[in-house]
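Asks: generate a structure from the sequence data that follows.
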Amino acid sequence: MAGLTGPNERLAQRVRRRLADGALTVSRADVALAVRDDAPTQGGARVLATAEAVRDDLIGAGPLEPLLREPGVTDVLVNGADEVWVDRGAGLELTEIRFAGERELRRLAVRLAGAAGRRLDDAVPCADVRMPTGVRLHAVLPPVSPGRTCLSFRVPARHALTLDDWTSDGSIPLAVAQLLRQLVSARLSFVVTGGTGSGKTTLLATLLGEADPADRIVVVEDSAELRPDHPHVVRLEARVANAEGAGAIDLRALVREALRMRPDRLVVGEVRGAECVDLLAALNVGHDGGAGTLHANSPIDVPARVEALCTAGGLSRAAAHSQLAAGLRAFVHLARDRAGRRRLDSVGVPRRTATGLVEVVPAVRVVRGELVDDVGRRELDRLLGGAP
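Replies: Numbering: from 1, shown residues only. As a prediction, the model looks like this:
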């Protein structure tokens with residue numbers, strides 16, 4: 001499957017010129033009208049099909065648009081004009097979609113970035129943007145990606161999943177889902193950890209949906225992705241600098257702003273910088289029930305990751321571990337199995353070592369779909385109110 005070529009490409013060019021002249025607004029009906037006017041001999045079904053392809057080429061993602069609309073798709077990755085991959089939740093699959101050439105692919109990348117107000121050219125060859133549909137796009141042009149344009153689309157869930165959804169597809173055992181509900185109800189502060197594409201943001205949104213409807217949730221994100229099914233959510237999104245290098249607002253500043261907005265639950269969508277200092281500080285001064293996501297290969301790697309982020313933000317190693325021990329109560333870790341499916345791996349708790357540093361010990365693990373207690377289970381039960 002390729003983009004528009006031949007007569008359809010010439011038709012798209014004519015429609016594009018009419019749109020540039022302001023003759024039409026950019027809607028499906030208007031594009032269909034333009035196609036019918038330019039090709040009056042085409043049948044109704046063919047007009048609609050051609051109009052959809054032309055519209056995708058003009059304001060959508062071209063030949064990638066059907067993939068981005070497909071239910072269950074989480075990622076679409078383009079490694080040049082002749083290599084398009086898709087993740088439908090079970091790992092990456094190579095598709096048959098092809099672009100006519102590098103020029104067409106680059107034109108698409110530049111157009112999508114420009115529509116979101118970002119520059120993408122030889123001088124600024126990388127861009128990270130959020131499209132109007134909520135899809136997050138990262139684009140890289142040559143020479144940064146030698147010889148080919150690379151696009152990475154992250155597709156948000158079309159609706160917030162429930163814990164029942166996670167249990168029905170086998171990602172989370174029923175007993176673990178009940179444990180997670182208790183975790184949220186007990187207002188324990190927690191982070192969802194895992195690797196890239198493991199489902200951290202999706203699970204965090206699910207758990208926030210379990211919070212008391214009376215809670216005011218203030219969410220801070222680099223790029224808005226969290227969509228919890230909850231009646232009182234306030235979203236703050238970071239902003240990059242403009243072309244003059246001014247106007248940037250980073251996550252650390254937004255965390256401080258969020259604290260002035262009377263949050264019952266403060267949430268940082270992805271903790272990956274010095275904002276870790278401010279989040280842990282907030283969780284240590286009465287903001288129970290806070291949450292976030294954190295990249296980590298395993299739960300035991302979390303303290304080292306937090307230490308690195310906090311020391312970069314100005315804390316000493318000892319202070320970082322003290323803040324971690326006092327601020328976070330649970331760590332929910334996700335992983336992908338050998339088939340590429342996302343699943344819950346374990347729930348851990350922090351524990352002080354003899355050196356005063358913090359380690360994360362598993363409270364429960366999921367082994368072959370079954371809940372297995374581990375060394376931290378008694379501590380988790382105590383935090384949940386089920387043990388002395």
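
Asks: correct me, but Asn284 touches Leu324?
Replies: No - contact criterion Cβ atoms under 8 Å: Asn284 and Leu324 do not qualify, at 9.8 Å. From N, CA and C alone the C-beta is placed, and that goes for glycine too.

Asks: who's more crowded, those two?
Replies: Taking other Cβ atoms under 10 Å, Asn284 and Leu324 do not tie; Leu324 has more neighbours (22 against 16).

Asks: show me where pLDDT drops low in the stretch 1-150 of the chain?
Replies: 1-59 (pLDDT under 70).

Asks: strands along that one, start to end?
Replies: Using DSSP state E, counting those that start in this stretch, the strands assigned to the stretch 1-150 of the chain run over residues 75-79, 84-87, 92-94, 126-130, 136-140, 150-154.

Asks: now distance to Leu163 and mean neighbour count too, for these, in TSV please.
Replies: As requested, those are exported to TSV (distance: least, Cβ to Cβ, whole Å; neighbours: other Cβ atoms under 10 Å):
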stretch	distance to Leu163	mean neighbour count
strand 75-79	23	20
strand 84-87	22	20
strand 92-94	27	12
strand 126-130	27	18
strand 136-140	25	20
strand 150-154	23	20
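
Asks: closest one to Arg260 among those?
Replies: When the strands of the stretch 1-150 of the chain are compared by Cβ to Cβ, strand 126-130 sits nearest Arg260, at 25.1 Å.

Asks: run the angle between that closest one and strand 150-154 for me.
Replies: Relative orientation of strand 126-130 and strand 150-154, computed by axes from the mean of the first three to the mean of the last three Cα atoms, to 10 degrees: 20 degrees.

Asks: can you name every helix or strand that strand 126-130 contacts?
Replies: Counting contacts by 3 or more Cβ pairs under 8 Å, 6 or more residues apart in numbering; DSSP states H and E, strand 126-130 packs against helix 102-115, strand 136-140.

Asks: contact partners of the longest one?
Replies: Read that as helix 102-115. With contacts defined as Cβ atoms under 8 Å, 6 or more residues apart in numbering, helix 102-115 is touched by 3, 59, 61-62, 64, 78, 80-81, 99, 119-121, 127, 129, 131-132, 137, 139, 141, 148-149, 151.

Asks: narrow these to those that are buried.
Replies: 3, 59, 61-62, 64, 78, 80-81, 99, 120, 127, 129, 131, 137, 139, 141, 148-149, 151 (16 or more other Cβ atoms under 10 Å).

Asks: in JSON lines, list the helices and strands packed on strand 126-130 along with distance to Arg227.
Replies: What follows is the helices and strands packed on strand 126-130, written out as JSON lines (distance: least, Cβ to Cβ, whole Å):
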{"stretch": "helix 102-115", "distance to Arg227": "21"}
{"stretch": "strand 136-140", "distance to Arg227": "13"}
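
Asks: now distance to Ala339 too, for the strands of the stretch 1-150 of the chain, in CSV please.
Replies: As requested, the strands of the stretch 1-150 of the chain are exported to CSV (distance: least, Cβ to Cβ, whole Å):
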stretch, distance to Ala339
strand 75-79, 16
strand 84-87, 12
strand 92-94, 12
strand 126-130, 30
strand 136-140, 25
strand 150-154, 21
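
Asks: which one of those strands lies closest to Gly269?
Replies: Short answer: strand 136-140, nearest of those by Cβ to Cβ, at 11.5 Å.

Asks: what does that closest one rub up against?
Replies: Strand 136-140 is contacted by residues 109, 112-113, 116, 120, 125-131, 149-154, 156, 223, 225 when judged by Cβ under 8 Å, 6+ apart.

Asks: cutoff 7 Å now
Replies: If you take Cβ atoms under 7 Å, 6 or more residues apart in numbering as the criterion, strand 136-140 is touched by 109, 112-113, 120, 125-131, 150-154, 223, 225.

Asks: quick one, helices of the stretch 251-388 of the chain?
Replies: In the stretch 251-388 of the chain, the helices defined using DSSP state H, counting those that start in this stretch lie at 251-259, 275-283, 302-312, 317-327, 377-384.

Asks: and the ones you listed, which is most packed in?
Replies: Of all the helices of the stretch 251-388 of the chain, helix 275-283 has the most neighbours on average by mean count of other Cβ atoms under 10 Å, namely a mean of 24.

Asks: so what does that helix touch, helix or strand wise?
Replies: The contact analysis (3 or more Cβ pairs under 7 Å, 6 or more residues apart in numbering; DSSP states H and E) places helix 275-283 against helix 251-259, strand 265-268, helix 302-312, helix 317-327.

Asks: which elements pack onto the second one?
Replies: Yep, that's strand 265-268 we're talking about. Short answer (3+ Cβ pairs under 7 Å, 6+ apart): strand 265-268 packs on strand 217-221, helix 251-259, helix 275-283, strand 291-295.

Asks: let's have those in CSV, adding mean pLDDT.
Replies: Formatted as CSV, the helices and strands packed on strand 265-268 follow (pLDDT from 0 to 100):
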stretch, mean pLDDT
strand 217-221, 92
helix 251-259, 88
helix 275-283, 85
strand 291-295, 91
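
Asks: let me have these in JSON lines, adding distance to Ala318 as columns.
Replies: Shown next, in JSON lines, are the helices and strands packed on strand 265-268 (distance: least, Cβ to Cβ, whole Å):
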{"stretch": "strand 217-221", "distance to Ala318": "27"}
{"stretch": "helix 251-259", "distance to Ala318": "21"}
{"stretch": "helix 275-283", "distance to Ala318": "13"}
{"stretch": "strand 291-295", "distance to Ala318": "20"}
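
Asks: closest to Arg181 out of those?
Replies: strand 291-295 (14.2 Å).

Asks: could you check the angle helix 302-312 makes with that closest one?
Replies: 100 degrees.

Asks: sheet partners, orientation included, of strand 291-295?
Replies: Neighbouring strands of strand 291-295 in its sheet, by DSSP bridges, are strand 190-194 (parallel), strand 265-268 (parallel).

Asks: quick one: contacts of the first one?
Replies: Contacts with strand 190-194, where a contact means Cβ under 7 Å, 6+ apart, come from 183, 200, 203-204, 271, 291-294, 296, 299, 302, 328-335.
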